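Student: Next come a sequence and a model predicted from it.
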Amino acid sequence: MNEQQQHPKRRKGGRTPKSAPAFHRETVNLDAAQHARFLTLYEQSGLSSKSKFIAARIFGDSFRVIRTDRGTMEYVARLTALYQQYRAVGVNYNQAVKELHVHFTEKKALALLYKLEKLTLELVALSRRIVGLSEELKRHGGENQHG
């Protein structure tokens, strides 16, 4: 038998070759200020490589610009942490109510639950204020992006 018929054709390892490889390279010299501006524009573009960014700019391709507001990012991070604390409070709330009924008389448990209810109402009011501030931030953030 033929050796080729016995063994299927083996492929070389490695990456699949590109259909249109880019061999041509151009260079541009920038001063410090231009380089800083270039890096800022590149970061805002959200593209995966500088060469794709440069090619898009040269050939007029459209791309998105991402602008981040550090204050808004910090606000969102703190809201996320606050949400995690709310979940923890909810778990502790349930455990506390169960323990009150087990270890105290009904009258004492109701008195303690009344205090807990007042604190919960304060927490609800604070939550409403947070939602209001978030909606206000969203309205003002939307104006800044389009204006």
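Tutor: Perfect, I can see it now.
Student: what about Ser45, neighbour count?
Tutor: 17 (other Cβ atoms under 10 Å). Just so you know, the C-beta spots here come from the backbone N, C-alpha and C atoms, and that holds for glycine as well.
Student: My read is that it contacts Ala56, right?
Tutor: Yes. Between Ser45 and Ala56 there is a contact under Cβ atoms under 8 Å: 7.5 Å.
Student: in the chain, which spans are helices?
Tutor: Along the chain, the segments classed as helices by DSSP state H run 3-6, 32-45, 50-58, 70-103, 106-146.
Student: Need the residues that contact stretch 24-31.
Tutor: 38, 54 (Cβ atoms under 8 Å, 6 or more residues apart in numbering).
Student: Start and end of that stretch, how far apart?
Tutor: With Cα to Cα, to the nearest Å as the measure, stretch 24-31 spans 24 Å from end to end.
Student: domains of the chain?
Tutor: Split into domains by automatic domain parsing, the chain comes to 30-66, 70-146.
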